[in-house]
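> kindly return the folded structure for what I paste below:
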Amino acid sequence: MRRRIRTGLAAAVAVVALGLTACSTTPQAPSSGGAAPSSAGALTPVKLQLQWVTQGQFAGYFAAVDQGFYRKRGLDVQILEGGVDIVPQTVLAQGSADYAIAWVPKALASREQGAGITDVAQIFQRSGTYQVSFADKGITAPADLRAKKVGNWGFGNEFELFAGMTRAGIAPGDVTLVQQQFDMQALLNGEIDAAQAMSYNEYAQVLEATNPATGQLYQPSDFNIINWNDAGTAMLQDAIWANTEKLSDPAYQDTTAKFITASLEGWIYCRDNPESCRDIVVKAGSKLGASHQLWQVNEINKLIWPSPAAGAGTIDQAAWDKTVEVALQAKNADGATVLTKQPDAQAFTNEYVSTAIETLKGEGVDVVGSGFTPETVTLNPGGA
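Numbers count the residues shown, from 1 in each chain. You can find the predicted model right below:
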């Protein structure tokens, strides 16, 4: 994902001040879809800042480029890769991008420190964060983490875990906390009992690894998963963020509605054509293997579809309030919370995504995906 990004907490001021140090442009594939370019004149240039490198996590945006959905809405979109030293919401706030993809709690931490950004479309409706352990460890719920070696990435990614432990009556001192690298080697090597993982990335990594006891790939039955959606401490993740100040400009307002419309078209395309989106991401320069990318697209689809009855990208008030509650109350090992006060009224708006949804509904597009059924993906060794 993106988790090396420094955000909020003790580093919040550094987040806001951090400049662009490694921003690069991903290759933009020519349109292969049937969408016709806008005939209204010159295209409006738009820069989208991702929160991590090219991968299936962002397949909908690459699909919107590849299939000509942005061009159809009169936009010429340039996708900027994220990286270790890139904070997408800071790039947006500094005016070096027009829109950014960022997790809600991290972006709100930046907003609390002065970044003028607004959530204009909540793409992921569910959290993709797991805590993964080998089945023989008997860790099936947060309460089972007591007295275990528990890995987490930190950098603002740990709060679902700490909220879950707090709810289960576990203090940080009741577990051995381990700073986890951004892979699953510590779990596979037996150095920790439970590892932080994203459903669409690190969890696949353990299923792509060979079980030395069998000589075959590990199977889901070899592991237990704590899903923070089930534990009640999930927080909203990938959203489209816009520049708050620029939202007072009618031209930017129009561009925002068009950008969300085309982005949703991209995600709808990936919902209905996951293999094609796998190929699009690989063609766009992903360094991950094809089976891993198909797994990613499939798992990301589960985080989006089915969407709220109002339509994909809608910011659900209850989910927003839960995220804010966790961000205000959950303390990490340093005693820090993500937020110190309630976000102001401009932190999110459904105005532009509602316009986008109505546009797509008027064109006969399914914006809810109530009949969505995920695929069964076979992973290859190493994700190849």
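> tell me where the stretch 201-350 of the chain has helices.
Shown for the stretch 201-350 of the chain, the helices assigned by DSSP state H, counting those that start in this stretch span residues 202-207, 228-231, 250-272, 274-283, 290-304, 317-329.
> what's the closest of these to Q113?
With CB to CB as the measure, helix 317-329 is the member of the helices of the stretch 201-350 of the chain nearest Q113 (13.5 Å). Every C-beta, even on glycine, is put in place using the N, C-alpha and C of the backbone.
> just how off-centre is the closest one within its chain?
Its chain's average C-alpha position is 17 Å from that of helix 317-329, according to CA atoms, centre = their mean, to the nearest Å.
> which other helices and strands does the next helix or strand after that helix contact?
The C-terminal neighbour of helix 317-329 among helices and strands, as given by DSSP states H and E, is helix 351-362. Under the contact criterion of 3 or more CB pairs under 8 Å, 6 or more residues apart in numbering; DSSP states H and E, the helices and strands touching helix 351-362 comprise strand 117-121, helix 250-272.
> tell me which of these sits most buried.
Among the helices and strands packed on helix 351-362, the stretch with the highest mean neighbour count (mean count of other CB atoms under 10 Å) is strand 117-121, at a mean of 26.
> against which helices or strands is that one packed?
The elements that strand 117-121 packs onto, with contact taken as 3+ CB pairs under 8 Å, 6+ apart, are helix 88-93, helix 104-112, strand 238-243, helix 250-272, helix 351-362.
> for V377, find the nearest of those.
Counting by CB to CB, V377 lies closest to helix 250-272 out of the helices and strands packed on strand 117-121; the figure is 13.7 Å.
> show the average pLDDT along the closest one.
Averaged across helix 250-272, the pLDDT comes to 98.
> tell me who's in contact with F124.
L236, Q237, D238, A239, I300, L303, I304 (CB atoms under 8 Å, 6 or more residues apart in numbering).
> dump these into JSON lines; add pLDDT and neighbour count as well.
Compiled in JSON lines, the contacts of F124 are given as follows (pLDDT from 0 to 100; neighbours: other CB atoms under 10 Å):
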{"residue": "L236", "pLDDT": "98", "neighbour count": "27"}
{"residue": "Q237", "pLDDT": "98", "neighbour count": "28"}
{"residue": "D238", "pLDDT": "98", "neighbour count": "24"}
{"residue": "A239", "pLDDT": "98", "neighbour count": "23"}
{"residue": "I300", "pLDDT": "98", "neighbour count": "29"}
{"residue": "L303", "pLDDT": "98", "neighbour count": "19"}
{"residue": "I304", "pLDDT": "98", "neighbour count": "23"}
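> farthest-separated two in these?
Largest separation among those by CB to CB: L236 and I300, giving 14.4 Å.
> for D334, find the nearest of the helices and strands packed on strand 117-121.
With CB to CB, the closest approach to D334 among the helices and strands packed on strand 117-121 belongs to helix 104-112: 14.2 Å.
> now I101, what's its secondary structure?
Per DSSP: H, G, I helix; E, B strand; the rest coil, the secondary structure class of I101 is strand.
> doesn't V150 make contact with V178?
Yes. Contact status for V178 versus V150: in contact at 6.6 Å, counting by CB atoms under 8 Å.
> return every residue with contacts to both of those two.
The contact sets of V178 and V150 overlap at I192 (CB under 8 Å, 6+ apart).
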